[in-house]
Structure formats: structure tokens, C-alpha cells
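Visitor: Predicted model, plus sequence, below.
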Amino acid sequence: MSKPAKILLTGATGYIGSHAWVALSQAGWDVVGVDNFANSHPAVLEGLTRLLSGPLMFECADVGDAAAMSALFARHRIDAVMHFAALKSVPESLLRPLDYMAVNVGGLLTLTQVMQAHNVQRLVFSSTAALYGASQPPPLREDAALEISHPYARSKWMGERLLADLLAAFPAWRVATLRYFNPAGAHESGLIGERPRGPADNLMPCLGEVALGLRPHLWVYGRDYPTPDGTGLRDYLHVQDIADGHVSALEHLMEQPDSFTLNLGRGEAVSVLQMIAAYAQACGRPIPYRVIPRRAGDVAASWADCSQAAQRLGWQAQRDVAAMCRDSWRWLSAAQTSSALPAPT
Ligand SMILES: NC(=O)c1ccc[n+]([C@@H]2O[C@H](COP(=O)([O-])OP(=O)(O)OC[C@H]3O[C@@H](n4cnc5c(N)ncnc54)[C@H](O)[C@@H]3O)[C@@H](O)[C@H]2O)c1
Ligand SMILES: O=c1ccn([C@@H]2O[C@H](COP(=O)(O)OP(=O)(O)O[C@H]3O[C@H](CO)[C@H](O)[C@H](O)[C@H]3O)[C@@H](O)[C@H]2O)c(=O)[nH]1
């Protein structure tokens with residue numbers, strides 16, 4: 001396969017984008033990263049430089065800034081785009097719905113308009129398993145009915161619809177939409193990982209903060225679900241596996257006249273109590289927890305049917321929950337002692 005000169009990676013210093021940058025580079029692609037640091041830190045570039053041992057092509061810009069994006073496309077010969085830049089917090093989206101629409105839908109609209117103007121028609125888009133509701137039993141296939149219950153999910157659903165309309169009008173475009181289940185872990189090197197600007201609300205970063213002594217205990221949101229131990233079941237997926245899935249999707253798009261929507265997950269249901277035990281094992285410390293009532297909007301169980309990604313892309317997750325906890329802990333304990341990054345909230 002003749003590889004394209006350059007991939008534009010938006011949200012490149014974010015949690016998943018930074019891991020995709022490494023996976024793309026290691027697979028032989030040239031990467032131009034763009035981010036406005038709305039939810040990441042310039043220090044991520046230091047970790048990436050060490051990992052990739054060379055200068056990075058990076059531009060600080062807002063994906064919704066059409067002039068800046070157009071100038072970027074004019075400066076670089078971009079062949080395809082991986083679009084991670086977005087706002088991603090469900091509770092925050094309830095408080096800032098207009099911002100979520102502006103960044104997640106408006107940013108995608110601007111990006112695709114600029115791509116069209118520069119004749120770039122290959123796109124990998126980050127969607128989410130948060131589009132699937134609670135009414136269907138897992139494992140969830142891509143054709144499961146969607147239940148949009150908050151502005152974050154709505155913004156991703158609108159992104160998917162925008163891309164479907166674009167594909168209908170311009171059949172030369174090729175779009176891979178990837179719906180991830182629960183990203184977890186960090187790069188095995190310990191040099192990059194998750195470090196958002198706001199307070200952590202997902203399970204694994206909260207576990208890490210308890211292990212670091214930054215929280216006295218983990219709040220377990222409900223132990224009365226109809227699940228084996230009463231806590232919520234999720235499909236946790238190592239962030240490096242997600243990154244590898246993106247590389248596979250991109251390679252497929254460049255080779256085949258194909259557009260698709262695929263789940264990225266492991267297909268394994270893991271409970272909150274099982275995650276607590278796995279994290280305690282990884283960090284060698286007890287993880288105290290207290291059970292409180294269910295968190296509004298949580299479903300009892302969500303895990304993927306991953307057979308389509310395996311068939312279409314030949315992709316399958318390689319890393320288990322123990323590896324996710326080990327790598328999360330390696331990253332957090334190293335970052336905690338490093339002055340390069342601000343302390344977690
Ligand atoms: N982490 C998850 O749980 C999860 C699950 C499913 C889907 N996703 C999706 O995956 C993508 C990446 O998520 P993540 O976990 O890496 O999030 P993240 O917040 O760590 O990364 C997103 C990056 O985009 C940047 N960004 C935000 N607005 C921007 C703008 N207007 N212009 C330029 N850059 C901007 C942020 O600074 C950040 O670095 C997002 O689209 C998210 O919705 C995430
Ligand atoms: O402090 C915590 C945090 C989480 N949980 C529980 O841990 C499980 C996982 O919760 P997360 O917040 O880590 O993840 P969610 O499944 O709620 O949602 C995440 O994964 C979804 C994909 O399925 C979407 O992408 C969404 O945006 C993203 O936050 C849930 O049962 C939740 O109740 C706790 O008990 N205590």
C-alpha cells in the first residue's frame with residue numbers, strides 16, 4: 001500500500017489523540033497534530049517527543065476556526081483526517097449544551113467544509129457507545145437502537161448524521177465512524193496518559209486518585225443493579241488498543257472504497273468491584289470505597305459485540321483489564337512526581 005504523506009490529527013494532545021499519534025507514527029504515517037488545549041496540556045508534547053524521538057509537527061488551533069484550519073491545510077499536504085477534538089463530559093454537557101453543540105457539531109462541520117475545499121475526503125470520526133441506551137440487552141451491535149439521553153450523546157449523534165448526509169451527497173468520501181466503549185489505561189511507556197484539565201469523573205482516573213491518596217475513597221455508584229455483584233458492568237478497553245483500532249480503520253479507508261460505523265470494545269463485561277480489585281492489585285495498595293446511590297443517567301450494563309470490527313478491520317483488542325490498571329498506575333505515579341504536569345484535581 002502506498003501510504004499518504006500526512007494525517008491531520010485533531011485533539012492530538014488529548015487522551016486518545018496522543019496515543020493515536022504514537023500508533024500512527026509507529027505504523028509509518030506522518031502526523032500533523034492540532035489542538036487548542038481546551039482539555040489538555042502542552043506538556044503532552046514533551047512525552048510525545050520522548051516517545052517518538054524526533055520533532056513533532058504540531059499547531060495550536062481551534063478546529064472551529066475556519067481560517068486557521070484552511071491555512072493549516074494549505075501549509076501541509078493532508079491526505080486524511082482523524083478527528084478526536086471534542087468536549088466529552090456527560091455532566092458538563094448538561095450545563096453547557098451550546099458549547100457542546102458548537103465544538104462537537106460546529107467543529108466537525110467546519111472541519112469537513114475545509115476538507116472538502118481542499119479535496120481531502122478521508123475521515124476517521126470519534127463517536128461513542130453512549131449513543132446506545134438501556135432498553136436493549138448487551139452485547140450491543142452497531143445496529144442496536146440508539147437512545148440519546150444527554151447533549152453530549154446528541155452532539156455525537158448529530159455528527160454521525162452530518163457525516164451520513166455528506167456521504168450521500170459526495171460518494172467519493174470515505175468515513176470510518178468508531179463508537180468506543182470505555183477507554184482506560186495509559187501508554188505502556190508511562191510517558192503519556194490521561195490528564196484532563198477538569199475534575200475526574202470516570203472510574204479509572206478516580207481509582208488512580210484514590211491510589212495516589214488524593215481521594216480518601218472511591219464512591220461506588222450503586223450496588224443494587226441487576227448484575228452479579230450489584231455494581232455497573234462496562235466494557236473497558238485499553239487506550240492503546242483504541243489507537244491501534246484507528247490505525248486499522250485508516251488503513252482500511254485508504255485501501256477500500258468503504259465507509260462504516262464500528263464498535264471498538266473488548267466484548268467483556270467488568271463490574272466496578274472487579275475494577276477496584278484489579279486496580280488494588282496493580283498498585284499494591286488497598287482501594288477503600290463507599291457505596292452511594294446510583295448516579296443519574298447510568299445504565300446497569302453496557303458491553304460491545306465487537307465482531308464487525310474483527311471482520312471488517314481484522315482488529316481485536318489485545319490488552320486486558322490488568323494491563324489497563326498497570327499502565328494507568330505507571331503513568332499516574334510517574335506524572336505525580338514529575339513537575340512537567342500539573343497535579344490532578
Ligand atoms: N474518553 C472517553 O471516555 C471517550 C469515549 C467515547 C468517545 N470519546 C471521544 O473520543 C474523542 C477523544 O476523547 P479523549 O478522551 O481523548 O478526550 P480529551 O478531552 O482528552 O481530548 C480531546 C482533545 O480535543 C481538544 N479540543 C477540544 N476542543 C477543541 C477545539 N475546538 N479545537 C481543537 N482542539 C480541541 C482538547 O484540548 C483535547 O486535547 C472525543 O471526540 C470524545 O468525544 C471519548
Ligand atoms: O467514581 C466513580 C466513577 C464511575 N463509577 C461507575 O463506574 C462505571 C463506569 O463509569 P464511567 O464514568 O467510567 O464511564 P461511563 O460508562 O459512565 O461513560 C463513559 O463511557 C461511555 C461509553 O460507553 C461514554 O463514552 C461516556 O462519555 C464515558 O464517560 C459506571 O458503572 C459508574 O457508575 C463509580 O462507581 N464511581
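Guide: All right, it came through fine. Residues are numbered from 1 along each chain as shown. Ligands and ions are numbered 1, 2, ... in the order given.
Visitor: Please make it C-alpha for all contacts and neighbour counts, starting now.
Guide: Noted.
Visitor: so R179, which of the three states?
Guide: Counting by DSSP: H, G, I helix; E, B strand; the rest coil, the backbone at R179 sits in strand.
Visitor: What residues does D35 make contact with?
Guide: Applying C-alpha atoms under 8 Å, 6 or more residues apart in numbering to D35 gives the contacts 10-14, 59-63, 85.
Visitor: roughly how far apart are L191 and G54?
Guide: Distance, L191 to G54, using C-alpha to C-alpha, to the nearest Å: 15 Å.
Visitor: Which one of those two is surrounded by more residues?
Guide: Legend: neighbour count by other C-alpha atoms under 10 Å for L191 and G54, higher for L191 (19 against 9).
Visitor: who in the stretch 201-345 of the chain is up against ligand 2?
Guide: With the criterion set to C-alpha under 6 Å from any ligand atom, the stretch 201-345 of the chain comes near ligand 2 through 201-203, 206, 218-221, 232-233, 272, 295, 298.
Visitor: Show me the helices in the stretch 151-300 of the chain, by range?
Guide: For the stretch 151-300 of the chain, the helices defined by DSSP state H, counting those that start in this stretch cover 151-169, 203-211, 239-255, 272-283.
Visitor: what about those helices, which gets the closest to ligand 1?
Guide: With respect to ligand 1, and counting by C-alpha to the nearest ligand atom, the nearest of the helices of the stretch 151-300 of the chain is helix 151-169 at 7.3 Å.
Visitor: Check whether that closest one comes near ligand 1.
Guide: No. Using C-alpha under 6 Å from any ligand atom, helix 151-169 stays clear of ligand 1, with a minimum separation of 7.3 Å.
Visitor: what mean pLDDT does that helix have?
Guide: Helix 151-169 carries an average pLDDT of 98.
Visitor: what's the distance between that helix and the middle of its chain?
Guide: 17 Å (C-alpha atoms, centre = their mean, to the nearest Å).
Visitor: can you tell me if that helix touches ligand 2.
Guide: No. Using C-alpha under 6 Å from any ligand atom, helix 151-169 never reaches ligand 2; the gap is at least 7.5 Å.
Visitor: May I have that helix exported as PDB, CA atoms only?
Guide: Extracted in PDB, the C-alpha atoms of helix 151-169 (Å, rounded to 0.1, in the frame of the first residue of the first chain):
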ATOM      1  CA  PRO A 151     -26.400  16.800  25.000                       C
ATOM      2  CA  TYR A 152     -23.000  15.000  24.700                       C
ATOM      3  CA  ALA A 153     -24.600  12.000  23.000                       C
ATOM      4  CA  ARG A 154     -26.800  14.300  21.000                       C
ATOM      5  CA  SER A 155     -23.800  16.100  19.700                       C
ATOM      6  CA  LYS A 156     -22.100  12.800  18.600                       C
ATOM      7  CA  TRP A 157     -25.300  11.600  17.100                       C
ATOM      8  CA  MET A 158     -25.600  14.800  15.100                       C
ATOM      9  CA  GLY A 159     -22.000  14.400  14.000                       C
ATOM     10  CA  GLU A 160     -22.900  10.900  12.700                       C
ATOM     11  CA  ARG A 161     -25.900  12.300  10.900                       C
ATOM     12  CA  LEU A 162     -23.900  15.100   9.300                       C
ATOM     13  CA  LEU A 163     -21.400  12.500   8.000                       C
ATOM     14  CA  ALA A 164     -24.200  10.300   6.700                       C
ATOM     15  CA  ASP A 165     -25.600  13.200   4.700                       C
ATOM     16  CA  LEU A 166     -22.200  14.200   3.500                       C
ATOM     17  CA  LEU A 167     -21.600  10.600   2.200                       C
ATOM     18  CA  ALA A 168     -25.000  10.600   0.500                       C
ATOM     19  CA  ALA A 169     -24.100  13.800  -1.400                       C
END
